[in-house]
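>>> Below are the sequence and a predicted model; questions follow.
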Amino acid sequence: MAEAEPLPIVRLRHWGRWVSAAVIVALLVLLGFALAQAQIEWGSVPGFVFYRVMALGLLNTVVLAVIAQAIAIVLGILIALLRLSANPVAKWFAAAYIWLFRGLPVLLQILIWYNLALIFPTFSIPLPFGGYLVHEPTNVLISAFTAALLGLALNESAYMAEIVRAGLTSVDTGQTEAAKSIGMTPGATLRRVVLPQAMRVIIPPTGNDFINMLKGTSMASVIGVTELIHAANNISSNNLLVMETLIAAAIWYMVVVTVAGVGQHYLERSFGAADRSPVARVGKAFKGMPLVRGARV
């Protein structure tokens, strides 16, 4: 019987890939051609990028975002712990806090803090035996920068509370019970057992929220904070080159967002590389902890 000839190998043709790639390239070429023909003085953009007021706006944008995110993380952890507490009053307070600050728009919260002096002209903290610890006009204590900081931080803290709560609940309860069984305090259990595993769940959305925070600082321009958008408006009000100054601000936004994205990537990779089995994590957490009658593991 004659031996059968091998079947020819036919490469699979991905026509859809070629068509979609061609459409994307064509759209990019059209976009580049449109931008080249647009009435934009491209030669002025690099100069606006390094204007002194633009540098000040960049500094305020980064500082405002970093401080607001740091406050939000601290408050978010506290609210998340209250949300998971067995105390019903603490649980309901945390739920109400999240409901309020997550429900109100950020711009509205910034405007409320900025105009707080309309209902509370002075801010006072009285002392028990007379006098005041603080007694200042509200407009002095809550400047435009402070109002923006409070609005951004409190809004973000509500989201951070839910992110942290999701991370804490993602850790198996058996590990918490194991920690309690050898006498670890709740604080030590949280610090050495729960949080190292929860960070893998917490870091990605926190990094995304920080990037949103960097862009969200633009709302502070409404109340006169000199961030990137306000700096661009200041420049364009003198030379009427609106689009050129906005493009310069956009360049700085892309720079800081890219840097934040790279930092988030390395944080996620470091925690992913350090990830081991739950048993290994708990064993590391328990190492050196005293057991019953002074025994150690």
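Yep, that arrived.
>>> make it CA atoms for all contacts and neighbour counts henceforth
OK.
>>> give me the low-pLDDT residue ranges for the chain?
1-2, 272-297 (pLDDT under 70).
>>> so who does the residue nearest the centre of it touch?
Nearest residue to the geometric centre of the chain (Cα atoms, centre = their mean): Phe210, 2.1 Å. Phe210 makes contact with Ala65, Gln69, Ala260 under the criterion Cα atoms under 8 Å, 6 or more residues apart in numbering.
>>> Which strand or helix spans it?
helix 195-216 (DSSP states H and E).
>>> Show me what counts as buried in that helix.
By 16 or more other Cα atoms under 10 Å, the buried positions in helix 195-216 come out as 195-203, 205-207, 209-211, 213-216.
>>> The residue nearest to the centre of the chain and Val62, how far apart?
Plainly put, Phe210 is 11 Å away from Val62 if you go by Cα to Cα, to the nearest Å.
>>> what does Met160 give?
Met160 is 19 Å from Val62, by Cα to Cα.
>>> Tell me which of those two has more neighbours.
Met160 (28 against 19; other Cα atoms under 10 Å).
>>> OK, contacts around the spatially closest residue to that one that is not a sequence neighbour?
Leaving out its chain neighbours, the residue that sits closest to Met160 by Cα to Cα, 6 or more residues apart in numbering is Gly76, at 4.7 Å. Gly76 sits next to Ser157, Ala158, Tyr159, Met160, Ala161, Glu162, Val164 when contact means Cα under 8 Å, 6+ apart.
>>> The same query, at a cut-off of 10 Å, please.
Counting by Cα atoms under 10 Å, 6 or more residues apart in numbering, Gly76 makes contact with 69-70, 82, 94, 98, 153-154, 156-165.
>>> what about it, helix or strand, and which?
Going by DSSP H and E, Gly76 is in helix 52-83.
>>> Between helix 195-216 and that helix, find me the angle.
If you take axes from the mean of the first three to the mean of the last three Cα atoms, to 10 degrees, helix 52-83 sits at 140 degrees to helix 195-216.
>>> what comes up buried for the very next helix or strand once past helix 52-83?
As assigned by DSSP H and E, the chain's next helix or strand after helix 52-83 is helix 88-103. For helix 88-103, the buried set under the neighbour-count rule, 16+ other Cα under 10 Å, comprises Ala90, Lys91, Ala94, Ala95, Tyr97, Ile98, Phe101, Arg102.
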